[in-house]
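Chemist: Any chance you can model this:
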Amino acid sequence: MKETLSKWLLLALFMASALPAAEVTQANPYTINTVRVLSIKGAIGPATSDYITRAIHAAQNEPNTLILLQMDTPGGLDKSMRDIIQVILDSAVPVATYVTPQGARAASAGTYILYASHIAAMAPATNLGAATPVQIGAPGMPSPTQKPNPENQDSQEDQEIAPTTDKDGLSTLERKQMNDAMAYIRGLAELHGRNVEWAEQAVRSAQSLTASDALSKKVVDIVAENTDDLLQQINGRTVSVKGKQIILQVEQPVLDYVEPDWRNQFLATITDPNVAYILMLIGIYGLILEFYNPGMGVPGITGAICLLIALYAFQVLPISYTGMGLIILGIALMVAEAFAPSFGVLGIGGVISFIFGSVILMDTELPAYQIALPLIAALGVVSLLILVVVARMLMRVRQQKTVSGVAAMIGDYVEVAEYDQGHGKVWLHGELWNARANQPPIPGPRGRVLNVAGLALEA
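Modeler: Just a heads-up that it's a prediction; the model follows:
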(Lines give C-alpha, C1' and ligand atoms only; values in the text may rest on other atoms or scores of the structure.)
Protein backbone atom coordinates (compact mmCIF):
# COMPACT_ATOMS: atom_id res chain seq x y z
CA MET A 1 0.00 0.00 0.00
CA LYS A 2 2.80 2.37 0.92
CA GLU A 3 4.71 1.51 -2.29
CA THR A 4 1.59 2.26 -4.38
CA LEU A 5 1.08 5.59 -2.61
CA SER A 6 4.74 6.50 -3.18
CA LYS A 7 4.44 5.79 -6.90
CA TRP A 8 1.38 8.04 -7.19
CA LEU A 9 3.14 10.82 -5.31
CA LEU A 10 6.18 10.60 -7.61
CA LEU A 11 3.93 10.65 -10.65
CA ALA A 12 2.11 13.74 -9.36
CA LEU A 13 5.41 15.51 -8.68
CA PHE A 14 6.65 14.67 -12.20
CA MET A 15 3.48 16.02 -13.80
CA ALA A 16 3.64 19.17 -11.68
CA SER A 17 7.25 19.77 -12.74
CA ALA A 18 6.36 19.24 -16.39
CA LEU A 19 3.57 21.84 -16.41
CA PRO A 20 5.87 24.92 -16.43
CA ALA A 21 7.84 23.48 -19.33
CA ALA A 22 4.63 23.07 -21.34
CA GLU A 23 3.71 26.62 -20.59
CA VAL A 24 7.13 27.81 -21.82
CA THR A 25 6.81 26.07 -25.17
CA GLN A 26 3.26 27.30 -25.69
CA ALA A 27 2.87 29.66 -28.68
CA ASN A 28 2.45 33.33 -27.85
CA PRO A 29 -0.02 35.58 -29.67
CA TYR A 30 1.40 38.11 -32.13
CA THR A 31 -0.96 40.91 -33.06
CA ILE A 32 -0.48 42.38 -36.55
CA ASN A 33 -1.45 46.04 -36.80
CA THR A 34 0.84 47.05 -39.66
CA VAL A 35 1.71 45.19 -42.86
CA ARG A 36 4.89 46.49 -44.48
CA VAL A 37 4.48 45.69 -48.20
CA LEU A 38 7.65 45.29 -50.28
CA SER A 39 7.85 44.44 -53.98
CA ILE A 40 10.27 42.14 -55.81
CA LYS A 41 9.66 42.50 -59.53
CA GLY A 42 12.12 41.41 -62.16
CA ALA A 43 15.55 39.90 -61.77
CA ILE A 44 17.00 39.76 -58.26
CA GLY A 45 20.25 41.69 -58.07
CA PRO A 46 22.26 43.98 -55.77
CA ALA A 47 19.63 46.74 -55.91
CA THR A 48 16.86 44.31 -54.89
CA SER A 49 18.99 42.91 -52.08
CA ASP A 50 19.77 46.39 -50.75
CA TYR A 51 16.10 47.41 -50.92
CA ILE A 52 14.77 44.31 -49.10
CA THR A 53 17.58 44.21 -46.53
CA ARG A 54 17.20 47.85 -45.52
CA ALA A 55 13.39 47.59 -45.30
CA ILE A 56 13.43 44.46 -43.11
CA HIS A 57 16.13 45.91 -40.84
CA ALA A 58 14.04 49.07 -40.40
CA ALA A 59 11.04 46.99 -39.27
CA GLN A 60 12.89 45.10 -36.53
CA ASN A 61 12.17 47.74 -33.90
CA GLU A 62 8.51 48.08 -34.86
CA PRO A 63 6.30 45.63 -32.95
CA ASN A 64 3.08 44.17 -34.33
CA THR A 65 4.43 44.32 -37.90
CA LEU A 66 4.27 41.80 -40.73
CA ILE A 67 6.63 42.00 -43.72
CA LEU A 68 4.85 41.08 -46.94
CA LEU A 69 7.04 40.46 -50.02
CA GLN A 70 5.00 40.60 -53.20
CA MET A 71 7.14 38.72 -55.70
CA ASP A 72 7.26 38.19 -59.44
CA THR A 73 10.77 37.18 -60.54
CA PRO A 74 12.49 34.94 -63.10
CA GLY A 75 15.44 34.48 -60.71
CA GLY A 76 18.64 36.37 -60.14
CA LEU A 77 22.12 36.37 -58.71
CA ASP A 78 23.01 33.79 -56.07
CA LYS A 79 24.76 36.26 -53.77
CA SER A 80 21.85 38.70 -53.77
CA MET A 81 19.40 35.83 -53.14
CA ARG A 82 21.41 34.56 -50.17
CA ASP A 83 21.65 38.06 -48.68
CA ILE A 84 17.85 38.36 -48.80
CA ILE A 85 17.35 34.91 -47.28
CA GLN A 86 19.79 35.62 -44.45
CA VAL A 87 17.97 38.78 -43.45
CA ILE A 88 14.62 36.92 -43.57
CA LEU A 89 15.89 34.12 -41.34
CA ASP A 90 17.38 36.63 -38.91
CA SER A 91 14.21 38.75 -38.79
CA ALA A 92 12.41 39.10 -35.46
CA VAL A 93 9.16 39.95 -37.27
CA PRO A 94 7.38 37.39 -39.46
CA VAL A 95 7.94 37.58 -43.22
CA ALA A 96 5.32 36.40 -45.71
CA THR A 97 6.21 36.00 -49.36
CA TYR A 98 3.30 36.22 -51.78
CA VAL A 99 3.70 35.36 -55.47
CA THR A 100 1.39 37.82 -57.14
CA PRO A 101 -0.34 39.02 -59.36
CA GLN A 102 -1.93 36.24 -61.35
CA GLY A 103 0.47 35.10 -64.04
CA ALA A 104 3.51 35.89 -61.88
CA ARG A 105 6.24 33.42 -61.04
CA ALA A 106 8.80 32.67 -58.38
CA ALA A 107 11.39 30.89 -60.49
CA SER A 108 14.95 29.97 -59.57
CA ALA A 109 16.06 32.35 -56.78
CA GLY A 110 12.42 33.20 -56.07
CA THR A 111 11.76 29.57 -55.07
CA TYR A 112 14.53 29.71 -52.45
CA ILE A 113 13.16 32.97 -51.00
CA LEU A 114 9.66 31.45 -50.89
CA TYR A 115 10.98 28.43 -48.98
CA ALA A 116 12.87 30.68 -46.54
CA SER A 117 9.86 32.81 -45.63
CA HIS A 118 7.79 32.18 -42.53
CA ILE A 119 4.67 32.13 -44.68
CA ALA A 120 4.70 31.05 -48.34
CA ALA A 121 1.70 32.08 -50.39
CA MET A 122 0.76 32.18 -54.06
CA ALA A 123 -2.01 33.70 -56.12
CA PRO A 124 -3.95 31.50 -58.55
CA ALA A 125 -2.38 31.04 -62.01
CA THR A 126 1.14 31.53 -60.68
CA ASN A 127 4.04 29.09 -60.60
CA LEU A 128 7.33 28.40 -58.89
CA GLY A 129 10.34 26.13 -59.36
CA ALA A 130 13.10 25.70 -61.95
CA ALA A 131 15.67 26.26 -59.21
CA THR A 132 18.62 24.55 -60.89
CA PRO A 133 21.82 26.63 -60.65
CA VAL A 134 22.54 28.24 -64.01
CA GLN A 135 25.78 27.34 -65.72
CA ILE A 136 28.46 29.94 -65.10
CA GLY A 137 30.10 30.72 -68.41
CA ALA A 138 30.01 32.83 -71.51
CA PRO A 139 26.58 33.24 -73.09
CA GLY A 140 26.00 31.05 -76.07
CA MET A 141 28.79 28.59 -75.29
CA PRO A 142 27.86 24.89 -75.26
CA SER A 143 26.93 23.53 -71.87
CA PRO A 144 29.02 20.65 -70.52
CA THR A 145 25.83 19.14 -69.13
CA GLN A 146 24.83 17.99 -72.61
CA LYS A 147 25.26 14.25 -73.00
CA PRO A 148 27.18 12.90 -76.00
CA ASN A 149 25.02 11.76 -78.87
CA PRO A 150 25.72 8.05 -79.52
CA GLU A 151 24.78 8.54 -83.18
CA ASN A 152 27.39 11.23 -83.59
CA GLN A 153 30.57 10.13 -85.29
CA ASP A 154 32.57 12.07 -82.74
CA SER A 155 30.98 10.28 -79.77
CA GLN A 156 34.17 8.34 -79.18
CA GLU A 157 36.07 11.59 -78.80
CA ASP A 158 33.42 12.85 -76.39
CA GLN A 159 33.80 9.73 -74.25
CA GLU A 160 37.52 10.32 -73.99
CA ILE A 161 36.87 13.32 -71.74
CA ALA A 162 34.43 11.37 -69.56
CA PRO A 163 36.70 11.45 -66.47
CA THR A 164 35.85 15.17 -66.06
CA THR A 165 32.08 14.47 -65.94
CA ASP A 166 29.79 12.09 -64.06
CA LYS A 167 27.07 9.78 -65.37
CA ASP A 168 24.66 12.72 -65.65
CA GLY A 169 27.10 14.66 -67.80
CA LEU A 170 27.90 17.17 -65.03
CA SER A 171 31.39 18.45 -64.49
CA THR A 172 32.95 18.43 -61.03
CA LEU A 173 32.27 22.14 -60.58
CA GLU A 174 28.64 21.80 -61.68
CA ARG A 175 28.12 18.82 -59.40
CA LYS A 176 29.47 20.84 -56.46
CA GLN A 177 27.13 23.70 -57.30
CA MET A 178 24.20 21.32 -57.63
CA ASN A 179 24.86 19.60 -54.29
CA ASP A 180 25.35 22.92 -52.53
CA ALA A 181 22.06 24.26 -53.90
CA MET A 182 20.16 21.09 -52.93
CA ALA A 183 21.54 21.14 -49.40
CA TYR A 184 20.66 24.82 -49.10
CA ILE A 185 17.02 24.49 -50.17
CA ARG A 186 16.66 21.24 -48.19
CA GLY A 187 17.66 23.11 -45.04
CA LEU A 188 15.14 25.86 -45.76
CA ALA A 189 12.39 23.28 -46.34
CA GLU A 190 13.15 21.46 -43.10
CA LEU A 191 13.19 24.74 -41.17
CA HIS A 192 9.56 25.52 -42.02
CA GLY A 193 8.25 21.97 -42.48
CA ARG A 194 7.75 22.16 -46.23
CA ASN A 195 8.13 19.49 -48.92
CA VAL A 196 11.80 18.50 -48.90
CA GLU A 197 11.61 15.95 -51.71
CA TRP A 198 10.06 18.33 -54.23
CA ALA A 199 12.55 21.06 -53.24
CA GLU A 200 15.38 18.73 -54.27
CA GLN A 201 13.62 17.94 -57.56
CA ALA A 202 13.22 21.65 -58.27
CA VAL A 203 17.01 21.93 -58.07
CA ARG A 204 18.01 18.60 -59.60
CA SER A 205 15.46 18.41 -62.43
CA ALA A 206 14.30 22.05 -62.68
CA GLN A 207 10.72 21.02 -61.94
CA SER A 208 7.98 23.64 -61.62
CA LEU A 209 4.54 23.67 -59.98
CA THR A 210 1.36 25.67 -60.30
CA ALA A 211 -0.14 27.32 -57.23
CA SER A 212 -2.75 24.59 -56.66
CA ASP A 213 -0.21 21.79 -57.05
CA ALA A 214 2.21 23.59 -54.74
CA LEU A 215 -0.50 23.80 -52.07
CA SER A 216 -1.43 20.14 -52.39
CA LYS A 217 2.22 19.06 -52.17
CA LYS A 218 2.79 21.29 -49.11
CA VAL A 219 5.33 23.41 -50.92
CA VAL A 220 3.45 26.59 -49.99
CA ASP A 221 1.08 27.31 -47.11
CA ILE A 222 -1.65 29.39 -48.75
CA VAL A 223 -3.26 30.12 -52.11
CA ALA A 224 -4.93 33.52 -51.85
CA GLU A 225 -6.91 35.57 -54.35
CA ASN A 226 -5.53 38.89 -53.12
CA THR A 227 -3.83 40.55 -50.16
CA ASP A 228 -7.02 40.77 -48.09
CA ASP A 229 -7.68 37.06 -48.65
CA LEU A 230 -4.11 36.31 -47.63
CA LEU A 231 -4.39 38.27 -44.38
CA GLN A 232 -7.66 36.51 -43.52
CA GLN A 233 -6.10 33.08 -44.07
CA ILE A 234 -3.01 33.74 -41.95
CA ASN A 235 -5.17 34.93 -39.02
CA GLY A 236 -4.73 32.35 -36.26
CA ARG A 237 -1.88 30.54 -38.01
CA THR A 238 1.12 29.44 -35.93
CA VAL A 239 4.57 30.13 -37.33
CA SER A 240 8.12 29.82 -36.03
CA VAL A 241 10.16 33.04 -35.91
CA LYS A 242 13.77 32.64 -34.77
CA GLY A 243 12.88 29.40 -32.98
CA LYS A 244 9.84 30.83 -31.17
CA GLN A 245 6.27 29.75 -31.91
CA ILE A 246 3.83 32.64 -32.37
CA ILE A 247 0.15 32.80 -33.26
CA LEU A 248 -0.64 35.48 -35.81
CA GLN A 249 -3.63 37.64 -34.98
CA VAL A 250 -4.67 40.04 -37.73
CA GLU A 251 -6.74 43.00 -36.52
CA GLN A 252 -7.57 45.40 -39.36
CA PRO A 253 -3.94 46.15 -40.20
CA VAL A 254 -2.71 49.20 -42.04
CA LEU A 255 -0.97 48.44 -45.34
CA ASP A 256 2.28 50.42 -45.61
CA TYR A 257 3.74 50.20 -49.12
CA VAL A 258 7.50 50.79 -49.10
CA GLU A 259 8.81 51.95 -52.46
CA PRO A 260 12.52 51.93 -53.39
CA ASP A 261 14.16 55.24 -52.48
CA TRP A 262 16.56 57.22 -54.67
CA ARG A 263 19.51 55.14 -53.44
CA ASN A 264 17.90 51.88 -54.58
CA GLN A 265 16.87 53.42 -57.89
CA PHE A 266 20.39 54.74 -58.48
CA LEU A 267 21.88 51.35 -57.59
CA ALA A 268 19.41 49.61 -59.90
CA THR A 269 20.38 51.96 -62.73
CA ILE A 270 24.15 51.63 -62.48
CA THR A 271 24.04 47.86 -61.94
CA ASP A 272 22.17 47.41 -65.18
CA PRO A 273 24.83 45.69 -67.33
CA ASN A 274 24.13 47.93 -70.33
CA VAL A 275 24.48 51.12 -68.27
CA ALA A 276 27.64 49.87 -66.53
CA TYR A 277 29.09 48.93 -69.92
CA ILE A 278 28.44 52.42 -71.36
CA LEU A 279 29.83 54.10 -68.24
CA MET A 280 33.01 52.07 -68.57
CA LEU A 281 33.50 53.12 -72.20
CA ILE A 282 32.82 56.79 -71.39
CA GLY A 283 35.35 56.58 -68.58
CA ILE A 284 38.08 55.02 -70.71
CA TYR A 285 37.57 57.34 -73.69
CA GLY A 286 37.39 60.38 -71.40
CA LEU A 287 40.73 59.57 -69.78
CA ILE A 288 42.34 58.89 -73.18
CA LEU A 289 41.13 62.27 -74.48
CA GLU A 290 42.44 64.02 -71.36
CA PHE A 291 45.86 62.38 -71.66
CA TYR A 292 45.98 63.22 -75.36
CA ASN A 293 45.22 66.89 -74.73
CA PRO A 294 46.08 67.72 -71.08
CA GLY A 295 44.47 70.71 -69.46
CA MET A 296 40.94 70.35 -70.87
CA GLY A 297 39.66 69.02 -67.53
CA VAL A 298 36.10 68.08 -68.48
CA PRO A 299 36.90 64.80 -70.29
CA GLY A 300 39.25 63.69 -67.52
CA ILE A 301 36.86 64.47 -64.66
CA THR A 302 33.87 62.97 -66.47
CA GLY A 303 35.87 59.90 -67.45
CA ALA A 304 37.18 59.33 -63.91
CA ILE A 305 33.69 59.61 -62.36
CA CYS A 306 32.10 57.29 -64.95
CA LEU A 307 34.92 54.77 -64.65
CA LEU A 308 34.70 54.64 -60.84
CA ILE A 309 30.92 54.14 -60.97
CA ALA A 310 31.35 51.42 -63.60
CA LEU A 311 33.98 49.65 -61.50
CA TYR A 312 31.61 49.66 -58.52
CA ALA A 313 28.85 48.22 -60.68
CA PHE A 314 31.16 45.51 -62.03
CA GLN A 315 32.16 44.65 -58.47
CA VAL A 316 28.61 43.50 -57.69
CA LEU A 317 27.85 42.05 -61.14
CA PRO A 318 28.95 38.62 -62.43
CA ILE A 319 31.74 40.03 -64.57
CA SER A 320 34.15 37.97 -66.66
CA TYR A 321 37.66 39.35 -66.25
CA THR A 322 38.60 37.75 -69.57
CA GLY A 323 35.92 39.83 -71.26
CA MET A 324 37.10 42.96 -69.46
CA GLY A 325 40.69 42.27 -70.56
CA LEU A 326 39.63 41.85 -74.19
CA ILE A 327 37.69 45.14 -74.10
CA ILE A 328 40.68 47.03 -72.66
CA LEU A 329 42.99 45.38 -75.21
CA GLY A 330 40.64 46.33 -78.05
CA ILE A 331 40.45 49.96 -76.97
CA ALA A 332 44.24 50.08 -76.56
CA LEU A 333 44.73 48.73 -80.09
CA MET A 334 42.28 51.25 -81.56
CA VAL A 335 44.07 54.10 -79.78
CA ALA A 336 47.41 52.74 -80.99
CA GLU A 337 46.07 52.80 -84.55
CA ALA A 338 45.34 56.52 -84.16
CA PHE A 339 48.82 57.35 -82.84
CA ALA A 340 50.84 54.85 -84.88
CA PRO A 341 48.95 54.10 -88.12
CA SER A 342 49.36 50.52 -89.31
CA PHE A 343 46.98 50.66 -92.30
CA GLY A 344 44.14 49.14 -90.20
CA VAL A 345 45.92 46.11 -88.69
CA LEU A 346 45.86 47.41 -85.11
CA GLY A 347 42.47 49.08 -85.49
CA ILE A 348 40.59 46.11 -86.96
CA GLY A 349 42.18 43.79 -84.41
CA GLY A 350 41.09 46.20 -81.70
CA VAL A 351 37.48 46.24 -82.91
CA ILE A 352 37.38 42.43 -83.02
CA SER A 353 38.84 42.17 -79.51
CA PHE A 354 36.40 44.84 -78.28
CA ILE A 355 33.34 43.00 -79.67
CA PHE A 356 34.35 39.57 -78.35
CA GLY A 357 35.14 41.03 -74.93
CA SER A 358 31.75 42.77 -74.81
CA VAL A 359 29.90 39.55 -75.64
CA ILE A 360 31.49 37.57 -72.80
CA LEU A 361 31.75 40.45 -70.33
CA MET A 362 28.88 39.25 -68.14
CA ASP A 363 29.67 35.79 -66.81
CA THR A 364 26.10 34.49 -66.55
CA GLU A 365 23.31 33.04 -68.66
CA LEU A 366 20.62 35.14 -66.98
CA PRO A 367 19.18 37.38 -69.73
CA ALA A 368 18.60 40.22 -67.27
CA TYR A 369 22.34 40.40 -66.54
CA GLN A 370 23.68 40.18 -70.07
CA ILE A 371 24.64 43.11 -72.27
CA ALA A 372 22.24 43.57 -75.18
CA LEU A 373 23.76 42.39 -78.44
CA PRO A 374 22.29 45.34 -80.43
CA LEU A 375 24.13 47.70 -78.07
CA ILE A 376 27.39 45.81 -78.60
CA ALA A 377 26.90 45.83 -82.38
CA ALA A 378 26.10 49.56 -82.40
CA LEU A 379 29.18 50.49 -80.36
CA GLY A 380 31.33 48.18 -82.47
CA VAL A 381 30.15 49.87 -85.68
CA VAL A 382 30.68 53.32 -84.15
CA SER A 383 34.21 52.37 -83.11
CA LEU A 384 34.93 51.08 -86.61
CA LEU A 385 33.59 54.28 -88.20
CA ILE A 386 35.71 56.40 -85.87
CA LEU A 387 38.70 54.30 -86.84
CA VAL A 388 38.00 54.84 -90.56
CA VAL A 389 37.57 58.60 -90.08
CA VAL A 390 40.83 58.86 -88.12
CA ALA A 391 42.66 56.82 -90.77
CA ARG A 392 41.40 59.10 -93.57
CA MET A 393 42.39 62.20 -91.64
CA LEU A 394 45.88 60.79 -91.12
CA MET A 395 46.21 60.00 -94.83
CA ARG A 396 45.20 63.56 -95.73
CA VAL A 397 47.71 64.97 -93.26
CA ARG A 398 50.45 62.85 -94.82
CA GLN A 399 49.63 64.24 -98.29
CA GLN A 400 49.57 67.88 -97.21
CA LYS A 401 52.56 70.14 -97.71
CA THR A 402 54.77 70.83 -94.74
CA VAL A 403 53.95 74.24 -93.26
CA SER A 404 56.73 74.69 -90.71
CA GLY A 405 60.43 74.03 -90.31
CA VAL A 406 63.24 73.96 -92.87
CA ALA A 407 61.39 71.58 -95.18
CA ALA A 408 58.60 74.13 -95.62
CA MET A 409 61.05 76.53 -97.36
CA ILE A 410 61.93 74.16 -100.19
CA GLY A 411 60.26 75.29 -103.40
CA ASP A 412 59.20 78.70 -102.05
CA TYR A 413 59.82 81.77 -104.23
CA VAL A 414 62.26 84.47 -103.06
CA GLU A 415 63.03 87.98 -104.24
CA VAL A 416 66.69 88.88 -104.83
CA ALA A 417 67.84 91.89 -102.85
CA GLU A 418 71.52 91.86 -103.92
CA TYR A 419 73.99 89.56 -105.64
CA ASP A 420 77.80 89.47 -105.94
CA GLN A 421 79.83 86.59 -107.43
CA GLY A 422 77.54 83.73 -106.49
CA HIS A 423 76.51 85.17 -103.11
CA GLY A 424 73.79 87.56 -102.18
CA LYS A 425 70.73 88.25 -100.08
CA VAL A 426 67.11 87.38 -100.75
CA TRP A 427 63.75 88.12 -99.16
CA LEU A 428 61.71 85.11 -97.90
CA HIS A 429 58.55 85.47 -95.80
CA GLY A 430 59.53 89.00 -94.89
CA GLU A 431 63.01 87.98 -93.73
CA LEU A 432 66.38 88.69 -95.32
CA TRP A 433 68.40 85.52 -95.90
CA ASN A 434 71.90 84.84 -97.17
CA ALA A 435 71.76 83.02 -100.47
CA ARG A 436 73.95 81.23 -102.98
CA ALA A 437 73.15 80.77 -106.65
CA ASN A 438 74.78 78.89 -109.49
CA GLN A 439 73.63 81.47 -112.02
CA PRO A 440 73.76 85.22 -111.42
CA PRO A 441 70.19 86.49 -111.01
CA ILE A 442 68.99 89.91 -111.91
CA PRO A 443 68.10 92.01 -108.82
CA GLY A 444 64.34 92.05 -108.40
CA PRO A 445 63.32 88.84 -110.21
CA ARG A 446 62.05 85.90 -108.23
CA GLY A 447 63.88 82.64 -107.67
CA ARG A 448 63.05 79.31 -106.01
CA VAL A 449 64.68 77.76 -102.95
CA LEU A 450 66.37 74.51 -103.83
CA ASN A 451 68.01 73.71 -100.53
CA VAL A 452 68.77 75.10 -97.10
CA ALA A 453 72.37 74.86 -95.89
CA GLY A 454 72.68 76.16 -92.37
CA LEU A 455 71.60 79.78 -92.42
CA ALA A 456 71.95 80.15 -96.18
CA LEU A 457 69.54 79.37 -98.97
CA GLU A 458 70.50 77.75 -102.24
CA ALA A 459 68.49 79.08 -105.14
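Chemist: Quick check: which element contains Leu230?
Modeler: Using DSSP states H and E, Leu230 sits within helix 227-234.
Chemist: buried stuff in that helix?
Modeler: 227, 230-231, 233-234 (16 or more other Cβ atoms under 10 Å). Glycine gets a C-beta too; all of them are placed from N, C-alpha and C.
Chemist: do stretch 103-114 as well
Modeler: Quick answer for stretch 103-114 (16+ other Cβ under 10 Å): 104-114.
Chemist: Grab the two from those that are most spread out in space.
Modeler: Ala104 and Tyr112 (16.3 Å; Cβ to Cβ).
Chemist: got a list of what Pro294 touches?
Modeler: By Cβ atoms under 8 Å, 6 or more residues apart in numbering, no residues touch Pro294.
Chemist: if we go to 10 Å?
Modeler: If you count contacts by Cβ atoms under 10 Å, 6 or more residues apart in numbering, Pro294 has them with Gly300.
Chemist: I'd like the distance between it and Leu68.
Modeler: To Leu68, Pro294 is 56 Å away according to Cβ to Cβ, to the nearest Å.
Chemist: now do Gly350
Modeler: 52 Å.
Chemist: May I have the beta-bridge partners of Val426?
Modeler: Using DSSP bridges, the beta-bridge partners of Val426 come out as Val416, Trp433.
Chemist: show me where pLDDT drops low in this protein?
Modeler: Scanning the chain for pLDDT under 70 picks out 1-26, 134-170, 295-296, 315-319, 338-344, 362-370, 390-391, 393-424, 428-431, 433-459.
Chemist: Reformat the buried residues of stretch 103-114 into TSV and put secondary structure and distance to Asp50 next to each item.
Modeler: Below are these laid out as TSV (DSSP: H, G, I helix; E, B strand; the rest coil; distance: Cβ to Cβ, whole Å):
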residue	secondary structure	distance to Asp50
Ala104	coil	22
Arg105	strand	23
Ala106	strand	20
Ala107	strand	22
Ser108	coil	20
Ala109	helix	15
Gly110	helix	18
Thr111	helix	21
Tyr112	helix	18
Ile113	helix	15
Leu114	helix	20
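Chemist: would you list those residues in CSV and tack on distance to Thr126?
Modeler: Shown next, in CSV, are the buried residues of stretch 103-114 (distance: Cβ to Cβ, whole Å):
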residue, distance to Thr126
Ala104, 5
Arg105, 6
Ala106, 7
Ala107, 10
Ser108, 15
Ala109, 16
Gly110, 10
Thr111, 12
Tyr112, 16
Ile113, 14
Leu114, 11
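Chemist: Looking at those, which is nearest Met280?
Modeler: When these are ranked by distance to Met280 (Cβ to Cβ), Ala109 comes first, at 26.2 Å.
Chemist: Need the nearest residue in space to the closest one, chain neighbours excluded.
Modeler: Met81 (3.9 Å; Cβ to Cβ, 6 or more residues apart in numbering).
Chemist: Please report the distance of that neighbour from Val382.
Modeler: For Met81, the distance to Val382 (Cβ to Cβ) stands at 36 Å.
Chemist: same question, Arg186
Modeler: Arg186 is 50 Å from Val382, by Cβ to Cβ.
Chemist: out of those two, which sits in the busier spot?
Modeler: Arg186 (16 against 11; other Cβ atoms under 10 Å).
Chemist: hang on, isn't that one packed against Glu200?
Modeler: Yes - here Arg186 lies in contact with Glu200, judged by Cβ atoms under 10 Å, at a distance of 6.2 Å.
Chemist: Flag every buried residue along the helix or strand hosting Ile247.
Modeler: Element membership of Ile247, judged by DSSP H and E, is strand 244-257. Neighbour-count burial for strand 244-257 flags 246, 248, 250, 253 (criterion: 16+ other Cβ under 10 Å).
Chemist: And the furthest pair within those residues?
Modeler: Ile246 and Pro253 (15.4 Å).
Chemist: Asn33 belongs to a strand?
Modeler: Yes - assigned with DSSP: H, G, I helix; E, B strand; the rest coil, Asn33 falls within a strand.
Chemist: Counting neighbours, what do you get for it?
Modeler: Residues contacting Asn33 under the criterion other Cβ under 10 Å number 15.
Chemist: check contacts around it.
Modeler: Here Asn33 is in contact with 62-66, 249-254 (Cβ under 10 Å, 6+ apart).
Chemist: Just give me the closest of those to Ile85.
Modeler: Leu66 (18.0 Å).
Chemist: The closest one - how many residues pack around it?
Modeler: Residues near Leu66, counting by other Cβ under 10 Å: 23.
Chemist: Next, it: secondary structure please.
Modeler: Relying on three-state DSSP, one would call Leu66 strand.
Chemist: That one is in contact with Ala96, isn't it?
Modeler: Yes - with contacts counted by Cβ under 10 Å, Leu66 reaches Ala96, the gap being 6.3 Å.
Chemist: what touches both of these two?
Modeler: Common neighbours of Leu66 and Ala96 (Cβ under 10 Å, 6+ apart) are 32, 35, 118-119, 231, 234, 248.
Chemist: Serialize those to JSON lines and add fields for distance to Val219.
Modeler: Below are the shared contacts of Leu66 and Ala96 laid out as JSON lines (distance: Cβ to Cβ, whole Å):
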{"residue": "Ile32", "distance to Val219": "24"}
{"residue": "Val35", "distance to Val219": "23"}
{"residue": "His118", "distance to Val219": "15"}
{"residue": "Ile119", "distance to Val219": "13"}
{"residue": "Leu231", "distance to Val219": "21"}
{"residue": "Ile234", "distance to Val219": "17"}
{"residue": "Leu248", "distance to Val219": "20"}
